[in-house]
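# Just a sequence and a predicted model for now, questions to come.
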Amino acid sequence: MGLRYGGPGVGKTESARAYTRWDQLAPHLNGQGSAAAPEADDVLAVRAVMYTPKVHSTPDKLDKEISLLCDRLGRTVDLMLQTGRGNGDSPPPGTSSTGAELLIVDEADRLKTAGLEQLRDHYDRTGIGVILIGMPGIEKRLARYPQLYSRVGFIHHYKPLSIDEQAHVLDRKWPHLRLGTSDDFATTEAIAAITRITSGNFRLITRLVDQIERVLEINQLTTVTKEVVEAARENLIIGVM
């Protein structure tokens, strides 16, 4: 088992969704016929599901929902292997299914003691890897449950993006803005303004970029400058980070 925690907006959920390809996989597992099938190699390489408990989830419902997701992924993986859509992987010896090998539980702070115990029981029964994602303080809370905490093999603290990481994210996620590493003075000023305003908070960067794109469109501009960033900032509500 593993534990990952960090403040709001630092990218905890976003990174989990990206790793599990959840935006593509979840609609497929939920039986949405119109959803495009995920890439087979992506599913077979990760073999992971992502689960967010409801605020008032009971232990029984928690176990049923997690088991259902894992079973559906198992059937999806088996079908991909049988139809030759995968990369040639074969089921592990002695198993009837090549189902989920990893369960990522987002918003784990919502789980009460009984829910945590149910999750530990599921882990013990199935042997599936489990990663809990939560807010700062969850690591201290879990330490009060030795039966669960003794199973935690690693703890990772999500921190705000560094300046270099921000430049990399801007370049990869919004390449049309041309905000990657640049020798252009206007671009350098714009990146510095984004860094100052967002303090490396990924969610805030995303919201600010949405406003920047809006400012560019309204004013029919093509270059992101410090003035554009400041104009976008004026239309952004920033809470306590």
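Noted; the coordinates are in hand. This structure is a prediction, so every number in the text was calculated from the model and none was measured.

# So which helix or strand of this protein has the lowest pLDDT on average?
The weakest-scoring helix or strand in the chain, judged by mean pLDDT, DSSP states H and E, is helix 40-46 (a mean of 76).

# Flag every buried residue along it.
Using 16 or more other CB atoms under 10 Å as the test for burial, helix 40-46 gives Ala40, Val43, Leu44, Val46. (C-beta placed from N, C-alpha, C; glycine too.)

# Run the chain-centre distance for that helix.
Distance, stretch centre to chain centre, for helix 40-46: 17 Å (CA atoms, centre = their mean, to the nearest Å).

# tell me the average confidence for the following helix or strand past that helix?
Sequence order places strand 48-51 as the next helix or strand after helix 40-46, per DSSP states H and E. Regarding strand 48-51, the rounded mean pLDDT is 94.

# so how far is whatever helix or strand comes next after strand 48-51 from its chain's centroid?
Sequence-wise, the next helix or strand downstream of strand 48-51 (DSSP H and E) is helix 59-82. Averaging C-alpha positions (CA atoms, centre = their mean) puts helix 59-82 19 Å from its chain's average.

# hmm, back to that, show me what the least confident helix or strand of the chain packs onto, helices and strands only.
Contacting helix 40-46 under the criterion 3 or more CB pairs under 8 Å, 6 or more residues apart in numbering; DSSP states H and E are the following elements: helix 22-29, helix 59-82.

# Compare those helices and report which one is nearest to Val224.
Evaluated over the helices and strands packed on helix 40-46, closeness to Val224 peaks at helix 22-29, with 26.4 Å, by CB to CB.

# Buried residues of stretch 63-70, list them for me.
If you call a residue buried by 16+ other CB under 10 Å, then stretch 63-70 has these buried ones: Asp63, Ile66, Leu69, Cys70.

# Which parts of this structure are strands?
2-5, 48-51, 102-105, 129-134, 154-157 (DSSP state E).

# Mean neighbour count added to those strands, as TSV?
What follows is those, written out as TSV (neighbours: other CB atoms under 10 Å):
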stretch	mean neighbour count
strand 2-5	20
strand 48-51	22
strand 102-105	23
strand 129-134	22
strand 154-157	12
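
# got a markdown table for those strands, with distance to Leu148 too?
As requested, the strands of the chain are exported to a markdown table (distance: least, CB to CB, whole Å):
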| stretch | distance to Leu148 |
| --- | --- |
| strand 2-5 | 10 |
| strand 48-51 | 17 |
| strand 102-105 | 12 |
| strand 129-134 | 9 |
| strand 154-157 | 13 |
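
# Mind checking the ones you listed for the one nearest to Thr58?
The closest of the strands of the chain to Thr58 is strand 48-51. By CB to CB, the value is 14.5 Å.

# right, and Val169 touches Leu161 too?
Yes - contact criterion CB atoms under 8 Å: Val169 and Leu161 qualify, at 6.5 Å.

# what's the overlap in contacts for these two?
Overlap of the contact sets of Val169 and Leu161 (by CB atoms under 8 Å, 6 or more residues apart in numbering) consists of Phe202, Ile205.

# what's near enough to touch Lys159?
With CB under 8 Å, 6+ apart, Lys159 has these contacts: Gly6, Val10, Gly200.

# which one of these sits closest to Thr225?
The nearest member of the contacts of Lys159 to Thr225, counting by CB to CB, is Gly200 at 21.1 Å.

# And that closest one, its phi and psi?
Main-chain dihedrals, Gly200, degrees, to the nearest 10: phi 80, psi 10.
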